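Trainee: please find the sequence and the predicted model below.
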Amino acid sequence: MTDQTLSVEDNDAVADIVREALARRRITRQYLADQAKISLSTLEKALSGQRPFTLASIVRLEAALGLTLRKPSSAKQAAAARHAGIAPEELGSYARRAVSWIEDDYVTVRPSFSNPDSIYAYRTSIAWHDERSHLVFRESERVDAAFTQNGSVSIPHQSGYIYLITNKSGQYRFIIISRPTIAGEMFGILTTLQSGRGMSLMPVSTPIVYVPVKTIGGDPAFGRIEKGHQAYGKYRGFVTRALEEPFALLITK
């Protein structure tokens with residue numbers, strides 16, 4: 001909406017509300033025009049879409065009908081959502097209380113890109129960000145600290161999956177994981193860019209698992225976990241489970 005008129009979409013929405021009010025109250029357009037102190041011609045043209053409502057006519061109609069006809073601005077809607085603890089629509093419109101179960105510290109486990117027999121493990125923390133009004137994730141304790149990621153968490157109702165998304169200057173890296181098992185583990189797939197020789201990058205996907213630190217117990221091992229390491233069997237078991245149950249399907253043929 002501008003200072004003077006409504007957009008076509010907003011005008012149609014207001015017209016629908018006014019027509020419904022006329023029908024419910026069984027009043028004529030002439031009566032409403034008189035009460036709002038606008039001309040009948042102005043009202044009829046606005047209702048038919050020939051000429052959009054002006055801000056002045058909207059204010060007068062609201063006073064005459066005792067209704068709010070204008071939608072809150074996007075800024076006001078966003079502020080209200082933040083105050084209510086609701087994530088933006090593009091992240092699933094979830095409420096903080098409804099997703100508190102995912103807020104935790106996780107041991108993140110996946111195969112090493114350079115050697116799939118090795119396991120790569122690091123920490124991921126998922127927590128609510130008050131200013132952004134949605135869940136965010138942050139990685140730490142990575143051997144390759146330069147590639148540490150952080151981003152937004154999307155939890156749409158439709159798919160039943162959780163999305164961890166990094167967007168840096170239009171470059172995306174995303175993870176799709178299942179809802180937590182009874183033990184709190186989340187299994188899925190990572191799609192990102194693998195660093196090659198020199199400046200070359202290559203798209204790569206791999207199974208990935210998030211295991212609550214408290215589930216691992218003790219001091220979890222981070223870094224590159226090779227065969228023979230005391231944590232290797234447990235971590236390899238998580239990766240194997242991700243594919244065998246399966247939580248993720250990698251199609252190679």
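Mentor: Looks like it arrived, so ask away.
Trainee: number of nearby residues for residue 207?
Mentor: Look at residue 207: counted by other CB atoms under 10 Å, it has 22 neighbours. Backbone N, C-alpha and C define where each C-beta goes, glycine included.
Trainee: so what's the residue count around the nearest residue to it once chain neighbours are set aside?
Mentor: Sequence neighbours aside, residue 242 is the residue nearest to residue 207 in space, at 4.2 Å (criterion: CB to CB, 6 or more residues apart in numbering). For residue 242, the neighbour count with other CB under 10 Å is 25.
Trainee: what strands line up against whichever helix or strand residue 209 is part of, and which way round?
Mentor: Here residue 209 sits within strand 201-212, counting by DSSP states H and E. Strand 201-212 pairs in its sheet with strand 104-111 (antiparallel), strand 186-195 (antiparallel), by DSSP bridges.
Trainee: quick one: contacts of it?
Mentor: 104-111, 113, 124, 175, 177, 183-196, 238-239, 241-243, 247-248, 250 (CB atoms under 8 Å, 6 or more residues apart in numbering).
Trainee: give me that answer again for 6 Å
Mentor: Here strand 201-212 makes contact (CB atoms under 6 Å, 6 or more residues apart in numbering) with 104, 106-111, 175, 184-191, 193-194, 196, 238-239, 242-243, 248.
Trainee: and the residues you listed, which are buried?
Mentor: 104, 106-111, 175, 184-190, 238-239, 242, 248 (16 or more other CB atoms under 10 Å).
Trainee: which parts of this protein belong to which domain?
Mentor: In the domain annotation for the chain, the residue ranges read 8-65, 89-244 (automatic domain parsing).
Trainee: tell me the gap between the last one and the middle of its chain.
Mentor: When you say that, I think you mean domain 89-244. When distances are taken as CA atoms, centre = their mean, to the nearest Å, domain 89-244 is centred 16 Å away from the chain's centroid.
Trainee: give me the buried positions along the strand holding residue 209.
Mentor: Per 16+ other CB under 10 Å, strand 201-212 contains these buried residues: 206-212.
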